[in-house]
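K.L.:
no sequence for this one, just the structure:
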């Protein structure tokens, strides 16, 4: 009985370590697996244990083996139980992302060509508008990469390229103050990520 309690405590400790290493809150993990906050809290307090199927799904989510959960060593001493992300999966995701981004530029090229040859309109700004459009595609893939830096950089690129596109499209209206507006927006984006990161660590 004592050994069972010890194993439960070790698994609970490792579940906390894995969640914090992924910088997730209990609430976010609960949403990811369809459980309540209380259930996650009970797992991490060692009051109850997830069933074996859920433990396996947790291991897949955290990219570790089941051995990781029952080893009481520190995270750094259990590297052998950490599954390295399959390079093929990374390459495939990158190729899919590139393909979707290329659709944006192909569409821009078609629109530009049509307007230039059919309507005799040199709408070169379409390629500038393609930049924020591409950023939106990249933002969609944040769910795949789940990388805070990736998300921050892409959001920054989106807003700045959107302002540049608006400025160049309506340059005759002298809307340069848009760039000044971007300063507080950039500060807000930076603070949003910084505060979220701190809250996840505290949680």
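P.N.:
That came in fine, so what should we check first? In this text the structure is predicted, and so the values were computed from the model without any measurement.
K.L.:
packing partners for the top helix by length along the chain?
P.N.:
In the chain, assigned by DSSP state H, the helix with the most residues is helix 87-118. With contacts taken as 3 or more C-beta pairs under 8 Å, 6 or more residues apart in numbering; DSSP states H and E, helix 87-118 sits against helix 125-140, helix 142-145. Every residue, glycine included, has its C-beta placed from N, CA and C.
K.L.:
out of the ones you listed, nearest to residue 54?
P.N.:
Ranking these by proximity to residue 54 (C-beta to C-beta) places helix 142-145 first, at 21.4 Å.
K.L.:
average pLDDT for the closest one?
P.N.:
Mean pLDDT, helix 142-145: 65.
K.L.:
quick one on the thing from earlier: which one of the helices and strands packed on helix 87-118 lies nearest to residue 101?
P.N.:
Nearest to residue 101, of the helices and strands packed on helix 87-118 and by C-beta to C-beta, is helix 125-140 at 5.1 Å.
K.L.:
which residue sits closest to residue 160, ignoring its sequence neighbours?
P.N.:
Distance criterion C-beta to C-beta, 6 or more residues apart in numbering; nearest residue to residue 160, sequence neighbours excluded, is residue 182 at 6.4 Å.
K.L.:
kindly report the same for residue 154.
P.N.:
residue 138 (4.6 Å).
K.L.:
pLDDT below threshold where in the protein?
P.N.:
Within the chain, the segments meeting pLDDT under 70 span 1-5, 74-90, 143-146, 196-203.
K.L.:
domains of it?
P.N.:
Following automatic domain parsing, one gets these domains for the chain: 2-81, 87-202.
K.L.:
just put the ones you listed in a markdown table and tack on mean neighbour count.
P.N.:
Below are these laid out as a markdown table (neighbours: other C-beta atoms under 10 Å):
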| stretch | mean neighbour count |
| --- | --- |
| domain 2-81 | 15 |
| domain 87-202 | 14 |
